[in-house]
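S.K.: starting from these lines, generate the structure:
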Amino acid sequence: MSTVVSANETDFVIANDQVKGRQIVARKIYQSGELIFEEQPLVSAQFEWNKLYKYS
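M.R.: Model (predicted):
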């Protein structure tokens with residue numbers, strides 16, 4: 001069973017595979033650098049030592 005989740009219903013589908021499990025499968029060729037999927041983070045954590053060592 002597959003469910004189309006893209007805006008125009010042709011770019012990609014979410015499919016279930018008995019071996020690999022749930023996956024996103026492209027239905028078109030994407031160009032290098034092309035944005036495929038974007039969402040806001042659900043959780044973000046910042047530790048003081050990250051700031052100290054300039055990790056972020």
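S.K.: for the rest of this, base every contact and every neighbour count on C-alpha atoms.
M.R.: OK.
S.K.: and the pLDDT at Phe37?
M.R.: Looking at Phe37, its pLDDT is 75.
S.K.: and the most centrally placed residue in the chain, what element?
M.R.: Among the residues of the chain, Phe37 comes closest to the average C-alpha position under C-alpha atoms, centre = their mean, at 5.2 Å. Phe37 belongs to no helix or strand when assigned by DSSP states H and E.
S.K.: and stretch 38-49, end to end?
M.R.: 28 Å (C-alpha to C-alpha, to the nearest Å).
S.K.: and that stretch, how far out from the chain's middle?
M.R.: Centroid displacement of stretch 38-49 relative to its chain, using C-alpha atoms, centre = their mean, to the nearest Å, is 16 Å.
S.K.: quick check: phi and psi at the residue lying closest to Phe12 once chain neighbours are set aside.
M.R.: Spatial nearest neighbour of Phe12, excluding adjacent residues (C-alpha to C-alpha, 6 or more residues apart in numbering): Ala26 at 4.3 Å. Ala26 adopts backbone torsions of phi -70, psi 140, taken as degrees, to the nearest 10.
S.K.: tell me how far Gln23 lies from Asp17.
M.R.: Distance from Gln23 to Asp17, by C-alpha to C-alpha: 8 Å.
S.K.: try Ser32
M.R.: For Ser32, the distance to Asp17 (C-alpha to C-alpha) stands at 26 Å.
S.K.: so the two - more neighbours on which side?
M.R.: Neighbour comparison, Ser32 and Asp17: the larger count goes to Asp17, with 11 against 6 (by other C-alpha atoms under 10 Å).
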